[in-house]
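Visitor: heads up, no residue letters with this:
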């Protein structure tokens, strides 16, 4: 009850008309006054809420939906995770290999238990047949329910609810997600789109307009607009991050954004829409635990750390902030996020694994090459030169042997044979791992080997 209203009724208004010191019983009257005071408090609270819900800056829920609807916006609903899971068989004899296996629509898969004791289920979207002689096949699945929690890390979907004869295992890879699941759009995210929408209503190349157009494309999660890149007039770069970890779907979302912006942009402006350049980071993480930690806690803690790391790059946890386009990878933030969400850790040690780094770098180059289109390997090397810059002599060496390099595999083989690569990459990582990058890079690729060191 509003104390100010209660005071006014009982101390200022009622004494004018009622003598509470009179011998006449006043209990009923006091009760009526309490009801009146409570009603007046509710009316005042409602008036405050009405005023609050009248403005986009402070409105929430359905009131905010109504306000943004006045300029044609609707709140984005929650979506389900769609991805591809490996169905495999360990054929022991030629007879086993000669058999085909049918995987029926709505076959149910589920994850192992997460560190929080939950499991998530997925359904096969259409019937698939693994033909004779094929050991494994990618099968499309969809989450049972909507939400980011279904964007699980690799090797989490490992169980069939009902075993299938001829299938020995199921497994999701690191890039298994075609379309990441999302939660319903929050009030803050909807407000951001509302204010960006106003940029469409002005004349000219307003950065907010390009952001609004890009964000309206299904699958786009983050946008950075760079007007007049490198000082070039009438040119706009739009970098978009998507919900997909699969290169093909990622490209399709980017193409849809390009098409929509081309339709709406002002005349005389050239627009290029593309995805952020991934920044490859590879390190081992050693968790040093407090003596109070039980041996039974170790596996759960390691699992939770891997889930947190996944959530920092693919939205999968409501309490973990994801890295955005252009955000620097800062070790202290990375470390603090883990420490804040996993109890029992004394400190965290980061260790660079150079051989693993090189292998992942080669994998990254293949990923980047397949993600984009280049007329030649020479163009690709020129494009990736900022990334390969730590190898002081590689560009020189490439110019000497480029006539013999026709494919991405030829390029990687040449790099693998470079004896200076390991030494120089180690030096580069050691000196730069804590130096932040200001280039546009959001979809970080981070491979983590979590080790446990229990303090005594």
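Guide: Perfect, I can see it now. This structure is a prediction, so every number in the text was calculated from the model and none was measured.
Visitor: list the contacts for residue 195?
Guide: Residues in contact with residue 195 (Cβ atoms under 8 Å, 6 or more residues apart in numbering) are 56, 208. Any C-beta I mention is one placed from the backbone N, CA and C, and that applies to glycine too.
Visitor: would you mind measuring from it to residue 130?
Guide: According to Cβ to Cβ, to the nearest Å, residue 195 stands 50 Å off from residue 130.
Visitor: how near is residue 308 to residue 218?
Guide: In terms of Cβ to Cβ, residue 308 sits 27 Å off from residue 218.
Visitor: can I assume residue 381 is in contact with residue 411?
Guide: Yes. Between residue 381 and residue 411 there is a contact at 7.2 Å, judged by Cβ atoms under 8 Å.
Visitor: those two: which has the busier surroundings?
Guide: Per other Cβ atoms under 10 Å, whichever of residue 381 and residue 411 has more neighbours is residue 411, with 22 against 19.
Visitor: can I assume that one is in contact with residue 366?
Guide: No. Contact criterion Cβ under 8 Å: residue 411 and residue 366 do not qualify, at 9.6 Å.
Visitor: what count of nearby residues applies to residue 154?
Guide: 16.
Visitor: which residues touch it?
Guide: Residue 154 neighbours (Cβ under 8 Å, 6+ apart): 172, 173, 174, 176.
Visitor: equivalent analysis for residue 84, please.
Guide: Contacts of residue 84 by Cβ under 8 Å, 6+ apart are 138, 139, 140, 141, 172, 176, 178, 246.
Visitor: can we see that at 10 Å?
Guide: With contacts defined as Cβ atoms under 10 Å, 6 or more residues apart in numbering, the neighbours of residue 84 are 125, 137-141, 172-173, 175-178, 246.
Visitor: how is it assigned, secondary-structure-wise?
Guide: Look at residue 84: counting by DSSP: H, G, I helix; E, B strand; the rest coil, its state is strand.
Visitor: neighbour-wise, which of residue 308 and residue 218 wins?
Guide: Neighbour count, other Cβ under 10 Å: between residue 308 and residue 218, residue 308 has more, with 21 against 13.
Visitor: what is the mean pLDDT for the strand or helix carrying that one?
Guide: Per DSSP states H and E, residue 308 falls inside helix 297-311. The average pLDDT within helix 297-311 is 83.
Visitor: same thing with stretch 143-159?
Guide: 92.
Visitor: so which residues of the stretch 251-400 of the chain form helices?
Guide: Assigned by DSSP state H, counting those that start in this stretch, the helices in the stretch 251-400 of the chain fall at 297-311, 331-341, 354-371, 377-388, 394-401.
Visitor: ok, residue 347 to residue 307 distance?
Guide: For residue 347, the distance to residue 307 - Cβ to Cβ - is 20 Å.
Visitor: ok, those two, which is more surrounded?
Guide: Of the pair residue 347 and residue 307, residue 307 is the one with more neighbours under other Cβ under 10 Å, namely 20 against 13.
Visitor: and that one, what does it touch?
Guide: Residue 307 touches 114, 115, 116, 152, 153, 156, 316, 317, 320, 341, 342, counting by Cβ under 10 Å, 6+ apart.
Visitor: so how far is residue 222 from it?
Guide: Counting by Cβ to Cβ - residue 307 and residue 222 are separated by 21 Å.
Visitor: and if you look at residue 246?
Guide: Taken as Cβ to Cβ, the span from residue 246 to residue 222 is 18 Å.
Visitor: what do you get for residue 276?
Guide: Taking Cβ to Cβ, one finds residue 276 at 8 Å from residue 222.
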